[in-house]
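Engineer: Following is a predicted model, sequence given first.
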Amino acid sequence: MSLLYVFAATKTEADAVLRAADGKARVCGNGGLKAPIGPNEVLIVTTGMGPRRARARAHDLLAKAQPEAVIVTGSCGSLTETLDEDCVVTYTACLSADATRSAPCSTVLADAMIRRLQSESLRCAPVVGVTTERIATTTQEKLALARSGASVVDMESYEVISAATQRGIASAVIRVVTDSLDRELPDFNRAVNPNGEVNPWAMLRIVVGSPILMAKLVGINRRAMATLTRALKTVLGADWTEPQPACEGGAGT
């Protein structure tokens, strides 16, 4: 049985992993949830939103243990017209927030994920992702990020992949697109502080201020998380007992 660490930013994203395990999980001393999925033992780690919290949680956990693989999961935003909502993506590499550093993912893991997803007829694509400190809410912001060479954006992947790479642990990213290039979002940044903590009162004001848009976003997110659960059950249920090479290259290249 292989030990896999799966990092997710929010409870909603972590719940997608938990559903892939059919809800069979137990609390661990390190604050994560451990669950069997197929032949693997999966530690589900909720980091909180943003690169700072992802960096702290990844370095803390990976300094104490050496899992067979590290996987980052959750939602992402599309930076290109070719990636629609509900599409599953795997990363070939992650760029830092300023796009000056990159952390390559294991091509073996990424390729194996794509093959398994395709075998289940799930729409999927290999991409380069970029991690930012802010939520990209407008098409203009997304197009600016696309100039880095990335096709999707998230707020945690680079930090976790970088931490795994530094320790020679094979790593990969599997996410689902929840907002397309042309989908405008409320300014959620007003409700999230630099440490990734959500101010519930500020979030409530955003919800009350855009009730129709928020209802639509909730429906999109619900469908996307169902797709992610299906994808994770397929990927995390794979037999990872065969030796997997660590990420090629190194962080900060």
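Structural biologist: Great, that's in hand.

Engineer: Spatially central residue in this protein, please.
Structural biologist: The residue lying closest to the centre of the chain (Cα atoms, centre = their mean) is T73, at 3.0 Å.

Engineer: tell me which element that one falls in.
Structural biologist: Assessed by DSSP states H and E, T73 sits inside strand 69-78.

Engineer: Likewise for V45?
Structural biologist: Taking DSSP H and E as the criterion, V45 maps to strand 40-46.

Engineer: Residues contacting that strand, please?
Structural biologist: 1-11, 13-14, 17-18, 21, 25, 28, 30-36, 57, 61, 67, 236-238, 240 (Cβ atoms under 8 Å, 6 or more residues apart in numbering). Placement of C-beta: from N, CA and C, glycine included.

Engineer: Now do that strand against strand 69-78, angle only.
Structural biologist: 50 degrees (axes from the mean of the first three to the mean of the last three Cα atoms, to 10 degrees).

Engineer: List the neighbouring strands of strand 40-46 plus their orientation.
Structural biologist: Under the criterion DSSP bridges, strand 40-46 sits next to strand 3-8 (parallel), strand 33-37 (antiparallel) in its sheet.

Engineer: Would you mind finding the most buried of the ones you listed?
Structural biologist: Counting by mean count of other Cβ atoms under 10 Å, strand 3-8 has the highest mean neighbour count of the strands paired with strand 40-46, with a mean of 25.

Engineer: could you say what helices and strands the host helix or strand of V176 packs with?
Structural biologist: Element membership for V176, per DSSP H and E: strand 170-179. Helices and strands touching strand 170-179, by 3 or more Cβ pairs under 8 Å, 6 or more residues apart in numbering; DSSP states H and E, are strand 69-78, strand 88-95, helix 107-119, strand 152-154, helix 157-166, helix 211-236.

Engineer: what is the rounded mean pLDDT of the first one?
Structural biologist: Averaged over strand 69-78, pLDDT sits at 97.

Engineer: Kindly report the same for the fourth one.
Structural biologist: Average pLDDT, strand 152-154: 97.

Engineer: Repeat that for the longest one.
Structural biologist: The average pLDDT within helix 211-236 is 90.

Engineer: Buried residues, it. List them.
Structural biologist: 214, 217, 220-221, 224-225, 227-236 (16 or more other Cβ atoms under 10 Å).

Engineer: Mind giving me the packing neighbours of that helix?
Structural biologist: strand 3-8, helix 11-20, strand 33-37, strand 69-78, strand 88-95, helix 107-119, strand 170-179.

Engineer: quick check: mean pLDDT across the longest one?
Structural biologist: Predicted confidence along helix 107-119 averages 93 (mean pLDDT).

Engineer: contact partners of it?
Structural biologist: The contact list for helix 107-119 (Cβ under 8 Å, 6+ apart) reads 69, 71, 88, 90-92, 124, 126, 170-172, 174, 231, 234-235, 238, 244-245, 248.
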